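J.: turn this into a structure:
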Amino acid sequence: MILAAVLSAWVQYAADGNPHARALVTRTCPSVTYDGGSVPMRQRAAASSGFDDVVCDAPLPAGATNVVVDGTRLPSPPRAPRTIVVFGDTGCRMLDDEQQNCGDIADWPFPKIAQTIAAAHPDLLVHVGDYYYRENNCPASMTKCLNRWGDTSMSWNADWFSPGKPVFASAPLVLIRGNHEDCERGGPAWFRYLDGGAAVTPCIAGAVDGSPPWAVSFDGLRIVVADSAADPSDTKPDPARIAFYQTSFRRAQQLAAGPGGDAWFVTHRPPFSNTNQTQALLALGWHFAPFDAVLAGHVHDFEAINVAGYPPLIVNGESGDDLDNAGSTATYIAMQRNNGNPVYSLGSPAPFGSKQYGFAVYTRSVSGWTISLRDADGIERRACMLTKGTVSCP
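T.: Model (predicted):
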């Protein structure tokens, strides 16, 4: 059997809660080896129209060490991660008149940020969604990004797999689906490459687009991943989407139960600034118990927000795409209404927002998690603290 060269490889947690090795190759799937074992990778997806690579997958033991796929060394799954990098909204925007210069690090810094993240030596990586942004071709004047657009292997390689190689080599990933990966945009590639399901889910016209929550457990930390990608609007109620969120929230609450430690609810759209998620929460009368924090992206800034009666919300969406105004999410939360009445009250300390490209390093401490905001060069620009029920950025 002739094996193909490995184009890209990484370790991600899948919907079964276990670490998996994944690889992109040109032909036949190789084996993955680790201390004490070896297993052939199965073909997850064959090459097809628009996708000239083969996707391979193999589960790993939770304690696997010295993981190698055809000469490519991969990081070992952590048992008790102490340093977690959270980042998101990383792709290069190419849509109509909204254009980043994908060949200019100053305009699209994710390739540099990926190298800086790796230099932080994290134990675990959490990407809060939106990998694919190259929806249209760019202007002829931007020669370095021409002909890499559309939901194809070429654009996904340019947006994620090529610049992401430093992070793939640094730590295993927990990957959240973003709205740019819904079935009207990059959904087919998302399910092919990165979705945690055992099989590739087809995008079906007219169906409610969404995957059920799943969880991964570490010593002292449980992360529950919830899909909020395919919402038709952040502001308009949609009965089908509200029903989907109600089902998802019930399941997420069940998944959060377990032995002591912290529990994080991680999704793409900030729940308190999304009408359909808000309506689902009100219908259930649920305040995210027993979660200690809600992590999200979608808005392109960093925000640390205390919401009275709910766990703190942290937005980590500043890792590559055009930035939004700092504090956009907190402003919208304060405006949420139900039958004309305010839904949420912002708690204390007051919200903190930052508009600068970078990422966040969460480090376990005696009292919770310190959050170090780093710029694209890895320089700390703010230190925050996440404790039970509160986030603060003094």
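
J.: A304 pairs with what?
T.: I314, F352 (DSSP bridges).

J.: what sits against N179?
T.: Taking Cβ atoms under 8 Å, 6 or more residues apart in numbering, we find N179 in contact with 129-130, 185, 228-231, 268-269, 298. All C-beta atoms are positioned from the backbone trio N, CA, C, and that covers glycine.

J.: right, I mislabeled it, should have said L386
T.: 292-293, 312, 314, 362, 368-371.

J.: tell me how the chain divides into domains.
T.: 1-75, 78-392 (automatic domain parsing).

J.: point out the most buried one among the ones you listed.
T.: domain 78-392 (a mean of 20; mean count of other Cβ atoms under 10 Å).

J.: and that one, end to end?
T.: By Cα to Cα, to the nearest Å, the extent of domain 78-392 from end to end equals 27 Å.

J.: ok, stretch 180-189 next?
T.: 11 Å.

J.: gap between it and the chain center?
T.: How far stretch 180-189 lies from its chain's middle: 14 Å, per Cα atoms, centre = their mean, to the nearest Å.

J.: also stretch 124-142?
T.: 13 Å.

J.: so of the contacts of N179, which ones are in strands?
T.: Here DSSP state E is the test, and those give no hits in strands at all.

J.: redo the residues you listed as JSON lines? Include distance to V343.
T.: As requested, the contacts of N179 are exported to JSON lines (distance: Cβ to Cβ, whole Å):
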{"residue": "G129", "distance to V343": "24"}
{"residue": "D130", "distance to V343": "26"}
{"residue": "R185", "distance to V343": "29"}
{"residue": "S228", "distance to V343": "17"}
{"residue": "A229", "distance to V343": "23"}
{"residue": "A230", "distance to V343": "23"}
{"residue": "D231", "distance to V343": "17"}
{"residue": "H268", "distance to V343": "20"}
{"residue": "R269", "distance to V343": "16"}
{"residue": "H298", "distance to V343": "18"}
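
J.: which of these sits closest to G353?
T.: H298 (14.1 Å; Cβ to Cβ).

J.: so A289, which state does it fall into?
T.: Following DSSP: H, G, I helix; E, B strand; the rest coil, we place A289 in the coil state.

J.: helix, strand or coil for the closest residue to it other than its chain neighbours?
T.: Nearest-residue entry for A289: Q253, 7.4 Å, with adjacent residues in sequence omitted and distances by Cβ to Cβ, 6 or more residues apart in numbering. Following three-state DSSP, the label given to Q253 is helix.

J.: what residues are up against Q253?
T.: Counted by Cβ under 8 Å, 6+ apart, Q253 has contacts 286, 289-290.

J.: would JSON lines of the domains of the chain with mean pLDDT be doable?
T.: Listed next are those as JSON lines, based on pLDDT from 0 to 100:
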{"stretch": "domain 1-75", "mean pLDDT": "94"}
{"stretch": "domain 78-392", "mean pLDDT": "95"}
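
J.: part of a helix, is A280?
T.: Yes - counting by three-state DSSP, A280 is found in a helix.

J.: test my guess that it contacts R250.
T.: No - applying Cβ atoms under 8 Å as the test, A280 and R250 come out as separate, 9.6 Å apart.

J.: hmm, back to that, kindly present the contacts of L386 as JSON lines, with separate columns for secondary structure and distance to V55.
T.: Below are the contacts of L386 laid out as JSON lines (DSSP: H, G, I helix; E, B strand; the rest coil; distance: Cβ to Cβ, whole Å):
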{"residue": "D292", "secondary structure": "coil", "distance to V55": "34"}
{"residue": "A293", "secondary structure": "strand", "distance to V55": "32"}
{"residue": "P312", "secondary structure": "coil", "distance to V55": "36"}
{"residue": "I314", "secondary structure": "strand", "distance to V55": "31"}
{"residue": "Y362", "secondary structure": "strand", "distance to V55": "30"}
{"residue": "G368", "secondary structure": "coil", "distance to V55": "38"}
{"residue": "W369", "secondary structure": "strand", "distance to V55": "34"}
{"residue": "T370", "secondary structure": "strand", "distance to V55": "37"}
{"residue": "I371", "secondary structure": "strand", "distance to V55": "34"}
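
J.: quick check, nearest of the residues you listed to L7?
T.: For those, the nearest to L7 is Y362 (30.5 Å; Cβ to Cβ).

J.: excluding chain neighbours, what is closest to that closest one?
T.: I84 (4.4 Å).

J.: next up, phi/psi of E318, please.
T.: For E318, the backbone dihedrals (degrees, to the nearest 10) come out as phi -120, psi 40.

J.: ok, it touching V299?
T.: No - counting by Cβ under 8 Å, E318 does not reach V299; the two are 9.1 Å apart.

J.: what segments of the stretch 201-350 of the chain are helices?
T.: 239-256, 275-284, 328-335 (DSSP state H, counting those that start in this stretch).
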